[in-house]
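**Q** Pasting the sequence and the predicted model now:
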There are 2 protein chains.
Amino acid sequence: MKEIRIGLLGLGNIGTGTYKVLETNRSQIEEAAGCPVNIVKILEKDIDRERDITVPRESFVSDAEEIFSDPDIDIVIELLGGVEPAATMIERALCSGKHVVTANKAAVAANYHRLMDAAKAHGVTLRFEASVGGGIPVLTPLSSCLRANRLTRVLGIVNGTTNYILDKMTMEGLPYDEVLKDAQAKGFAEADPTADVEGIDAANKLSILMALMFDHYVHPKDIPTKGITEVTAKDIEAARKDGCLIKLIAYAEVMDDGQIKYEVRPMRIIDTHPLSGVHREYNAVFVEGNVVGNLMFYGPGAGPLPTGSAVMGDVLEIAKAMDR
Amino acid sequence: MKEIRIGLLGLGNIGTGTYKVLETNRSQIEEAAGCPVNIVKILEKDIDRERDITVPRESFVSDAEEIFSDPDIDIVIELLGGVEPAATMIERALCSGKHVVTANKAAVAANYHRLMDAAKAHGVTLRFEASVGGGIPVLTPLSSCLRANRLTRVLGIVNGTTNYILDKMTMEGLPYDEVLKDAQAKGFAEADPTADVEGIDAANKLSILMALMFDHYVHPKDIPTKGITEVTAKDIEAARKDGCLIKLIAYAEVMDDGQIKYEVRPMRIIDTHPLSGVHREYNAVFVEGNVVGNLMFYGPGAGPLPTGSAVMGDVLEIAKAMDR
C-alpha cells in the first residue's frame, strides 16, 4: 500500500481524541501500517470550535457523500455517536466499499445484523473494538485468542459514569444525588446522565458482547435493565457488612440447557472478586470460557485518547488485512 | 482450505491439555477454522502413559523429522518445554516451511531473534501467546489492539507458583517453607521449584514482553532477577502495615530519556492497585500505553487447559491468515 486514507465522520470529543492519537503517535502508527496514514476528509459542521489540534480547513466536508464516493478513501471512521444518522452512514460507507471503524455502541447494538450483513455483502470489514470497554482490548481478544473456547459467561463493568458514582458512594459514604453532582462537575457524568445512570449504555454494550461471545443477538431494548438511581448509601453499607460491593453489572450467561440469561442491574460483588478492585471511572470485563476459565480485561472504558487508541488499533488491523 | 493438519511435539501435561481442548471444543474450533482441524502426528516417547484422552497409536512418531518433512503438515505445535532441544526443533520446523505455535517461554526468550528471523526468512508465522500469562490474551492484544500506542511500562505477575505462595503467606500469615510444601502437595509448585521461586520463569516472560512491547530484546540471563525465597512473614506484615502487599513483579519501563529499566523482584504493591487483587495462582499483566493509559489482563497463567486454549487460539489465528 502507498497510503491509508481515512474519512472521519464527526470531530467532537472522540473524533478529536482519535485525531490527536494519530498526530501524537504518527511515526509508531505508520511504521505499524507500513505506509503513511492520513485523515483526509472530515464530516463536521462546527469547523471553528476550539480543539487543541491543527486541522487543515480544506479537510472539512459538509456532505458525507463526498467521503463515501471518494475512490481514494479506504477506511471510514464513524464517531458521530447515537443511533441515527450514524447507523445509516455506517451502512452507506460499507455499501460504498469502505472498511468502517466505529466506537458507536448505540448504532452497532441497535443494528447488529444489518451492519454485519452489509459488511459481508460488500467484502469489507466493520470493526468496533472501542464500542465496548473504550480503550481496553476486549472484543478482539474474545474473537481471536479465545476462539477455541465456548464462552459461557460475562460480567461487565462497562460504564465509567456509574462505576465512578457507586465507587465514590462506597468509599466516602455519600448519597447518590451529591455524588452525581460531583461527577457532573468533574466531567465524569453528562448534564443529562440518563443513558448512563439508567443502564442504557451498559445494555448497548451487553448486546454487542452477547452477539460476539454467544452468537446470540438481543436488541438492547429487550435486555432487562435497571440503573443505579435507586441505590442508596444504606444499600451499600448493608452490602459492605456482608463483605460485598455494589457494582452496575452487565451480565449474561449460557445455562446448561443452552438458554441464555441476561440483564443489566446493580449487583453485589464479593470483595475478593477481581471486579471489586475496579475503582473510579475504570471499566472491566470478566469472562468465562469452558477451557480457559476466568479472565478479566481492565482499563479506561471511555475518554478521547483511550477510545482513539482502540479506534486506531482497529485501523491498523484493517491495514494489516488489506496488506495481505 | 480442506483441512488443517498439525504435528505436535510433546504429549506431556500441556500437550495433553491442548489435545483435550481440541477434542472438547472440536465443533467450535472447526467452525472458526472453516475446515477440519486434526493433530495427525505426535512426537512422544512415552506412548503408554495414562492420559485421560484417546490418541490413535499410529499418531505417535519417534523422529521429529517425520513431522518436519511431511508436506501435508501445516502447523507444528511445540510443547516440549525447556530451551533445548525445543529451540532447535522450532527452528527446524520454521525452516521446513511450517507455521509454529509454542507455549515455551524458555526457548523463545533465549532465542528470540534467531527464531523470529527464521520465521521471516521462510515466510511462516511463529506464535507464542501461551508463553506469557498462559491462557490470558496478552501478547496478541499488545501487538494488535494497542499498536497505536507507545507502550511505556509493564508490571507483571507472571508466575503462578510464586503468587500462590506469597498470597497464602499474606492471607494466612504462614512462613515460606510451610507454604512451599503445601503448594508442592497441591501441584502448584514442582518438586524442584527453583525456576519458579528464583524468578527465572518470570525473567523469561519479561524478556518476551520487552521484545514485543519495546522492540528491545534482553536475554533473560541479563535481567536482574531476585526470587521470593528470602521473603519472610515479617516482611509481609511490615508491608501490610503500610497498606501494601508483596508480589513478585516482572517490571520494565521506558524512561523519559529512552533508557529501559528492567528487573524481576518482590515488590510492594499498594492495596488499591489492581494487581493487589490478583490472588492464588492467578496471573496478571498491567501495562501502560502513552495514549490508552493503564490496562490489566488477568486470568489463569498456567495449567493444561488454559494453556491449550491459548495454543489453539494461535492455531486459529494462523488458519485465518492462511485462508486469506
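**A** Nice, I can see it. Residues are numbered from 1 along each chain as shown, chains lettered A, B, ... in the order given.
**Q** Identify the residues contacting residue A:85.
**A** Neighbouring residues of residue A:85 by Cβ atoms under 8 Å, 6 or more residues apart in numbering or on different chains: there are none. All C-beta atoms are positioned from the backbone trio N, CA, C, and that covers glycine.
**Q** Quickly note the distance from it to chain B.
**A** Using Cβ to the nearest Cβ, to the nearest Å, residue A:85 is found at 27 Å from chain B.
**Q** Give me the pLDDT value at that residue.
**A** Note for residue A:85: predicted pLDDT of 97.
**Q** would you put the C-alpha positions of stretch A:41-59 in CSV?
**A** The C-alpha coordinates for stretch A:41-59 follow below in CSV (Å, rounded to 0.1, in the frame of the first residue of the first chain):
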residue,chain,number,x,y,z
LYS,A,41,-11.7,14.3,4.9
ILE,A,42,-13.7,15.1,7.9
LEU,A,43,-17.5,15.5,8.1
GLU,A,44,-18.2,18.2,10.7
LYS,A,45,-20.3,21.3,10.7
ASP,A,46,-18.5,23.0,13.6
ILE,A,47,-15.3,24.0,11.9
ASP,A,48,-14.3,26.8,14.3
ARG,A,49,-14.6,25.0,17.6
GLU,A,50,-11.6,25.3,19.9
ARG,A,51,-9.8,21.9,19.6
ASP,A,52,-6.2,21.8,20.7
ILE,A,53,-5.3,20.2,17.3
THR,A,54,-4.5,21.7,13.9
VAL,A,55,-6.8,20.5,11.2
PRO,A,56,-6.3,21.9,7.6
ARG,A,57,-9.5,23.8,6.7
GLU,A,58,-9.8,22.0,3.4
SER,A,59,-10.2,18.7,5.2
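**Q** Is there proximity between that stretch and chain B?
**A** No. Stretch A:41-59 lies out of reach of chain B by Cβ under 8 Å from any Cβ of the partner chain, never closer than 13.5 Å.
**Q** Tell me the spacing between the residue in chain A sticking out farthest from the centre and chain B.
**A** Within chain A, residue A:241 marks the point farthest from the mean C-alpha position, 33.8 Å out by Cα atoms, centre = their mean. Residue A:241 sits at a distance of 20 Å from chain B (criterion: Cβ to the nearest Cβ).
**Q** How is chain A divided into domains?
**A** Recorded structural domains for chain A (assignment: automatic domain parsing) are A:4-135+A:304-323, A:141-300.
**Q** Would you mind giving these as CSV with distance to residue B:203 added?
**A** Formatted as CSV, those follow (distance: least, Cβ to Cβ, whole Å):
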stretch, distance to residue B:203
domain A:4-135+A:304-323, 27
domain A:141-300, 24
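**Q** Out of these, flag the one nearest residue B:208.
**A** Of all the domains of chain A, domain A:141-300 sits nearest to residue B:208, with 15.6 Å by Cβ to Cβ.
**Q** Please work out the average pLDDT along the closest one.
**A** 97.
**Q** Quote the end-to-end distance of it.
**A** Using Cα to Cα, to the nearest Å, the end-to-end distance of domain A:141-300 comes to 17 Å.
**Q** next one: stretch A:217-224
**A** 14 Å.
**Q** Can you give me the buried ones in it?
**A** For stretch A:217-224, the neighbour count (16 or more other Cβ atoms under 10 Å in any protein chain shown) marks A:218, A:220, A:223 as buried.
**Q** just how off-centre is that stretch within its chain?
**A** In terms of Cα atoms, centre = their mean, to the nearest Å, the centre of stretch A:217-224 is set 17 Å apart from its chain centre.
**Q** hang on, the earlier thing: just checking: which of the buried residues of stretch A:217-224 also lie near chain B?
**A** Of the buried residues of stretch A:217-224, not one also sits near chain B (Cβ under 8 Å from any Cβ).
**Q** Closest one of these to chain B?
**A** Using Cβ to the nearest Cβ, residue A:218 comes nearest to chain B of those, at 20.9 Å.
**Q** what's the longest helix in chain A?
**A** helix A:304-323 (DSSP state H).
**Q** could you say what helices and strands that helix packs with?
**A** Packing partners of helix A:304-323 (3 or more Cβ pairs under 8 Å, 6 or more residues apart in numbering or on different chains; DSSP states H and E): strand A:4-9, helix A:13-24, helix A:26-33, strand A:75-78, strand A:99-102, strand A:126-127.
**Q** got the angle for it vs helix A:26-33?
**A** Here helix A:304-323 runs at an angle of 30 degrees relative to helix A:26-33 (axes from the mean of the first three to the mean of the last three Cα atoms, to 10 degrees).
**Q** tell me the angle helix A:304-323 makes with strand A:4-9.
**A** Helix A:304-323 and strand A:4-9 are oriented at 140 degrees to each other (the same axes, to 10 degrees).
**Q** Now helix A:304-323: buried residues?
**A** Buried, per 16+ other Cβ under 10 Å, within helix A:304-323: A:304-319.
**Q** quick check, nearest of the residues you listed to residue A:168?
**A** Using Cβ to Cβ, those come closest to residue A:168 at residue A:306, 20.5 Å.
**Q** The closest one: what's its closest spatial neighbour, skipping adjacent residues?
**A** With sequence-adjacent residues excluded and distances taken as Cβ to Cβ, 6 or more residues apart in numbering or on different chains, residue A:306 is closest to residue A:135, at 2.7 Å.
**Q** again, but for residue A:191
**A** That would be residue A:184: by Cβ to Cβ, 6+ apart, it lies 6.6 Å from residue A:191.
**Q** Which element, helix or strand, includes that neighbour?
**A** For residue A:184, the element it lies in under DSSP states H and E is helix A:176-186.
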